[in-house]
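> pasting the sequence and the predicted coordinates here, then a few questions.
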Amino acid sequence: MNPVYLQAAFLKSASKIDNTPPDTGKEIAFAGRSNAGKSSAINALTQKSNLARTSKTPGRTQLLNFFHINEEQRFVDLPGYGYAKVPEDVKNEWHELMEVYFRERQSLCGVILVMDVRRPLTEFDWQMVRWCQYSNLPMHLLLTKADKLAYGAAKSTLLQVQKVARNMTMPVTAQLFSALKKSGIDEVHDALDHLFTDNNISSETSESAG
């Protein structure tokens, strides 16, 4: 476990690229469906129960939420997508915001794509993959809620996702994760270390189970 991530603190929220923190240093974005457990994952890996807002109502994260790690590193919690019950014009605004963010943000060095292990690689997830491919951004696939499946079923899903990931054009890793059981945190920290320091991660994948 890398204690630096336990220092994470909320920095600011932004509804437009013009309102984001200075585009310096490096930042890693957390993306995922609005019910995939993204906020819970951020809270678990930073060991702060309320750092990222969690809600039983999908789609609550509607802004770019920035978290300070140190002077050179940040996390960014992106708006959730998929199940969010919001007006179509709001969804379009989110889409445009993220598209501009991926196209223009120079400090973005990698993406943690959070997916429910029971529903991985949905249509919306693939859109995020395509954005990362276009920008040649390394990606770490976090299969959350692994505690909801038996180990064998979760491992089988991980292997299937790994197989698909081998055909992606940018560096991709994958792992199982459970915020409830606090399992897989060390592996996430290792992935973050590589993304921040190397801007390139190995094609090997982790197999941490929930």
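Structure's in. What do you need?

> show the pLDDT at the nearest residue to residue 47 once chain neighbours are set aside.
Spatial nearest neighbour of residue 47, excluding adjacent residues (Cβ to Cβ, 6 or more residues apart in numbering): residue 6 at 5.3 Å. (Each C-beta comes from the backbone N, C-alpha and C, glycine too.) You'll see residue 6 listed with a pLDDT of 96.

> surely residue 6 meets residue 43?
No: taking contacts as Cβ atoms under 8 Å, residue 6 lies outside contact range of residue 43: 11.4 Å.

> more neighbours, those two?
Between residue 6 and residue 43, counted using other Cβ atoms under 10 Å, the more crowded position is residue 43 (19 against 13).

> for the more buried one, what are its contacts?
When contacts are counted by Cβ atoms under 8 Å, 6 or more residues apart in numbering, residue 43 touches 49-52, 54, 179.

> quick check: what element follows the host helix or strand of it along the chain?
Assessed by DSSP states H and E, residue 43 sits inside helix 38-46. Sequence-wise, the next helix or strand downstream of helix 38-46 (DSSP H and E) is strand 64-70.

> what angle do the helix or strand bottoming out on mean pLDDT in the chain and strand 64-70 make?
For the chain, counting by mean pLDDT, DSSP states H and E, helix 88-104 ranks last in confidence among helices and strands (a mean of 85). Here helix 88-104 runs at an angle of 40 degrees relative to strand 64-70 (axes from the mean of the first three to the mean of the last three Cα atoms, to 10 degrees).

> what does helix 88-104 rub up against?
15-17, 20, 29, 31, 62, 64, 78-79, 81, 84, 108, 131-132, 134-135, 137.

> one step back: model confidence over the helix holding residue 43, on average?
95.

> same question for stretch 168-183.
96.

> how about it: buried residues?
170-179, 183 (16 or more other Cβ atoms under 10 Å).

> tell me the buried residues within the contacts of helix 88-104.
Taking 16+ other Cβ under 10 Å as the criterion, what is buried in those is 20, 29, 31, 62, 64, 78-79, 81, 84, 108, 131-132, 137.

> max-length strand in the protein?
In the chain, taking DSSP state E as the definition, the longest strand is strand 108-116.
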